[in-house]
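**Student:** need coordinates for the below:
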Amino acid sequence: MEPIISVVMPVRNGGEFLDAAVQSILQQSLSGLELLLVDDHSTDDAISRLSTQDGRLVLLNHSGQGVSAAFNAGFANARGRFIARMDADDIALPERLERQLAFLQEHPDVDICGACVEIFSEQEVAGGNQRYQAWLNGCRTPEAIRREIFIESPIPNPTAMFRTEALHRLGGFGDPHWPEDYDLYLRADAQGMRMGKPAGCLLRWREHPGRLTRTDPRYAQKSFQAAKAHYLACNRLSGEKPVVIWGAGPSGRLMHDLLQAEGAAIKGFLEVHPRRIGGQKRGLPVWSLDEISRLDNAFTLVAVGSAGVRPKIRAFMERHAKTEGEDYLFVT
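**Tutor:** Here you go, the predicted model:
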């Protein structure tokens, strides 16, 4: 019997967390699945210690070319009409796949389904992760995801479920100089694909020092910003409107440099800091926010990411008849 969903789990040295991750998939409320566990050249014994009695578990060997290639190898062997991603250190809640499948069936215009998460750790989850979790779980509709995709990756990678034909159109995961998952979702956005999430937590997302996001330089903040600049320049910035960056501090200057390297032209900076207003950054003028009315046809990239500042900026933009996504975007 063909599975409805193929779950692909790339693994390199899954260690103490692997068995719980595997069991959380095999114990799903939806039984019509296969779990393709792709061994990306592990050197530990975590995979050999797994029970192989469940025929839905398929072990594949790969040559150690990295997580993207390992996932794509699993995808090439998948038989399901839907493809789900799972990581070797997280825990899927029992109804995860069933509820994501129902969401995609209820929303035929959605190509990629994510899920809300609970970030957990052996230590206390820090305030930054709590804010990140709140943002992720509040960013659920296709409209919100498209509007906020340049803030951060809106789909936690181990929660992703794809329509198989959509993943084929995307060509699977790439191997860019920035995070491969964020790259995939930015490519999906550029192709006009819609992404969404059902309500309610469906995955426990483990935070620990050995996570790839903590050890691989491709997950550094500058790499995320480079991905944003690339897809902004080739997709969202049409060239018809002059581009202004809100924030002449380090984040704004970095975004300027990355966009300039992508061939995008920047007109100037907006600032609230009185010591910067009236001066220059990167040879461009630094204006006060009062100039927003004069810059009526400009597209503003908001490179200010301080905690709690977005609602205030949205309120300011609304007072000046600016629409998020059409006239401005948050990029940090």
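
**Student:** just give the nearest non-adjacent residue to Arg147, would you?
**Tutor:** Spatial nearest neighbour of Arg147, excluding adjacent residues (C-beta to C-beta, 6 or more residues apart in numbering): Gly325 at 4.7 Å. Yep, even glycine has a C-beta here, placed from its N, CA and C like the rest.

**Student:** distance of the one you found from Ser293?
**Tutor:** 20 Å (C-beta to C-beta, to the nearest Å).

**Student:** quick one on the thing from earlier: number of residues surrounding the residue nearest to Arg147?
**Tutor:** Number of residues near Gly325 (other C-beta atoms under 10 Å) recorded here: 13.

**Student:** that one and Arg146 touch, don't they?
**Tutor:** Yes. Checked against C-beta atoms under 8 Å, the pair Gly325 and Arg146 is within contact range at 6.9 Å.

**Student:** ok so, going back, tell me the pLDDT of the residue nearest to Arg147.
**Tutor:** Looking at Gly325, its pLDDT is 95.

**Student:** for it, phi and psi?
**Tutor:** The phi and psi values for Gly325, taken as degrees, to the nearest 10, are phi 100, psi -30.

**Student:** quick check: it vs Val67, distance?
**Tutor:** Taking C-beta to C-beta as the measure, Gly325 and Val67 are separated by 31 Å.

**Student:** and Ala264, by the same measure?
**Tutor:** Applying C-beta to C-beta, the value for Ala264 to Val67 is 30 Å.

**Student:** what of Leu270?
**Tutor:** From Leu270 to Val67 the distance is 38 Å (C-beta to C-beta).

**Student:** what about the two, which has more around it?
**Tutor:** It is Leu270, of Leu270 and Val67, that has more neighbours when counted by other C-beta under 10 Å, with 27 against 20.

**Student:** so the more buried one sits in a strand?
**Tutor:** Yes. Under DSSP: H, G, I helix; E, B strand; the rest coil, Leu270 falls within a strand.

**Student:** would you mark the buried spots in stretch 89-108?
**Tutor:** Using 16 or more other C-beta atoms under 10 Å as the test for burial, stretch 89-108 gives 89-93, 96-101, 103-104.

**Student:** please apply the same query to stretch 9-23.
**Tutor:** Judged by neighbour count using 16+ other C-beta under 10 Å, the buried positions of stretch 9-23 are 9-15, 17-22.

**Student:** and if you look at stretch 302-315?
**Tutor:** Here stretch 302-315 shows Val302, Ala303, Val304, Arg310, Ile313 as buried, counting by 16+ other C-beta under 10 Å.

**Student:** so how far is Gln225 from the residue nearest to the third one when sequence neighbours are not counted?
**Tutor:** Nearest-residue entry for Val304: Gly247, 4.3 Å, with adjacent residues in sequence omitted and distances by C-beta to C-beta, 6+ apart. Remark: distance between Gly247 and Gln225 (C-beta to C-beta) = 12 Å.

**Student:** what of Met255?
**Tutor:** Met255 sits at a distance of 6 Å from Gln225 (criterion: C-beta to C-beta).

**Student:** these two: who's more crowded?
**Tutor:** Met255 (26 against 21).

**Student:** buried ones in the helix or strand hosting that one?
**Tutor:** Using DSSP states H and E, the element containing Met255 is helix 250-261. Within helix 250-261, the residues that qualify as buried are Ser251, Gly252, Arg253, Leu254, Met255, His256, Asp257, Leu258, Leu259, counting by 16+ other C-beta under 10 Å.
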